[in-house]
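Quick check, what structure comes out for this input:
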Amino acid sequence: MICAFGLAEAAAEERPIGDFLVAQDRYEPYLAEKGFSSVAWEQHRLQSYGALVAATPKDNSKRAWPELERRWASGKRQIIEGVIEQLKDLSSPWSATGPRRSVVF
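Next up, the predicted model:
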């Protein structure tokens, strides 16, 4: 389920946008992209919103996920990215080169 969708300017910082979307939504588990991977941000979202945000760490990180889990997350992201493209096209007069979307699953 896509729980939140938003469009923002390309230069917008993603983490505060993700924070806003999680705060508005109030579900517990989320799958997010690598840009949301940070122990401090994960703890903040858990403590502030009771939300577990699972973001695949970079491959060279000490917290890197095993390949099987990375492939699982990648498969989910491909499906969701396709849906987001459709939502973006339906909900926005901007083209793909317009505002960047913030992705929180």
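
and G35, what is it in contact with?
Contact partners of G35, counting by Cβ atoms under 8 Å, 6 or more residues apart in numbering, are E14, R15, A55. No exception for glycine: its C-beta is placed from N, CA and C like everyone else's.

May I have the phi/psi pair for it?
Main-chain torsions, G35, degrees, to the nearest 10: phi -60, psi -20.

And V53, by the same measure?
Torsion angles, degrees, to the nearest 10, at V53: phi -100, psi 110.

List the contacts of it.
G18, V22, Y30, A32, F36, W41, E42, R45, L46, V104.

do that again at 10 Å, thanks
18-19, 22, 28-32, 36-38, 41-46, 104-105 (Cβ atoms under 10 Å, 6 or more residues apart in numbering).

Among those residues, which lie within helices?
G18, D19, V22, W41, E42, Q43, H44, R45, L46 (DSSP state H).

how many neighbours does R71 have?
11 (other Cβ atoms under 10 Å).

ok, it to P29 distance?
Using Cβ to Cβ, to the nearest Å, R71 is found at 19 Å from P29.

hang on, the earlier thing: farthest pair within the ones in helices among the contacts of V53?
Greatest spacing in the ones in helices among the contacts of V53, by Cβ to Cβ: G18 and Q43 (14.4 Å).

These two: who's more crowded?
G18 (24 against 11).

Provide a list of residue ranges in the chain with pLDDT below threshold.
Scanning the chain for pLDDT under 70 picks out 1-6, 90-105.

show me the biggest helix of this structure in terms of residues.
Assigned via DSSP H, the chain shows its longest helix as helix 67-91.

Distance of L68 relative to K34?
Counting by Cβ to Cβ - L68 and K34 are separated by 17 Å.

neighbour-wise, which of these two wins?
K34 (13 against 8).

D59 in helix, strand or coil?
Assigned by DSSP: H, G, I helix; E, B strand; the rest coil, the conformation of D59 is coil.

I am finished for the moment; much appreciated.
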